[in-house]
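based on what follows, work out the 3D shape:
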Amino acid sequence: MCIIRKVILLIMLAFLLSGRQSLAQQITKDSIMRISAIHQTLREYQHFISAAAPYYSGPQYVEYYLKIDVGQPFFLNTNFNLGLIRYDHILYENVPLKYDLVQNKIVIRDPLGVSSFSPSDDKIDYFAINGHEFFKLKKDSTNPTLPISGYYEVLYKSSRLTLLKKETKKVRDELNSERVPTRFIDSRINFYLKMGSAYTIINRKNQVLKNFKTRKPEMHQFIRKNNLDFKNDADNALLSIIPYYESLAK
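Next up, the predicted model:
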């Protein structure tokens, strides 16, 4: 109700300001200031009315990560970053959000910065944070190669190949060396290559070479020449070798 009252007051202000102007009035410094005030009022109205966006209808989110001793459960960091979200087939921009990798949930902050919400997962099929794009995959019995359902980051996409990254996190409880209970975050990352409609996991070098066996000698040479490290720097290794393979296949 507080937001609705503000919206009503802003509309009334815009009406009063605009009502003082006569269509026949010569444009003066005073009238320009009034027009500027009206535009500012409309901008504020658009900001407050965004609180009625449907993705705010989800349950309130509890920031449980404050009780974790080591690590954090979110993608990138614990901050809210401006991003995009496609909710119920409508794309919304400049939305403060973060991605909880433990609960596999999108977290959104309300326009006033008071509360956090988790919008309905069933209605989200795409979101982006700081230039990182995520699409939802759903397990389908007609395609046995599909990985588990969830959000996957798109690292590379062409007409022939798509490279996906799936990061998951879990909260674990253990006793440290001093026999004190410690809660920490355990992270796991898998990479998937989509060729046509088939998905294959490519976490290791031999899995990559198996998928590109028609160009295996060239790929071996490229990996050695560029010192690609699939164990410690898989993102950059895959982002180097896949475009190279496509250049050979042309």
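
tell me the secondary structure at residue 140.
Recorded secondary structure, residue 140: coil (DSSP: H, G, I helix; E, B strand; the rest coil).

correction: residue 107
Under three-state DSSP, the three-state class of residue 107 is strand.

wait, it touches residue 96, no?
No. At 9.2 Å, residue 107 and residue 96 do not qualify as touching, with contact defined as Cβ atoms under 8 Å. C-beta here means a position set from N, CA and C on the backbone, and glycine is covered the same way.

looking at these two, which is more packed in?
residue 107 (19 against 16; other Cβ atoms under 10 Å).

tell me the pLDDT of the more buried one.
Listed pLDDT for residue 107 reads 94.

pull the contacting residues for it.
By Cβ atoms under 8 Å, 6 or more residues apart in numbering, the contact set of residue 107 is 61, 74, 80, 97-100, 116-118.

what helix or strand is the residue nearest to residue 187 when sequence neighbours are not counted on?
Spatial nearest neighbour of residue 187, chain neighbours left out: residue 169 (5.0 Å); criterion: Cβ to Cβ, 6 or more residues apart in numbering. Assigned by DSSP states H and E, residue 169 belongs to strand 161-175.

assign residue 147 to helix, strand or coil.
Assignment for residue 147 (three-state DSSP): coil.

what residue lies at the spatial centre of this structure?
Centroid check for the chain by Cα atoms, centre = their mean gives residue 128 as the closest residue, at 3.3 Å.

which residues does it bridge with?
Counting by DSSP bridges, residue 128 is bridged to residue 84, residue 133.
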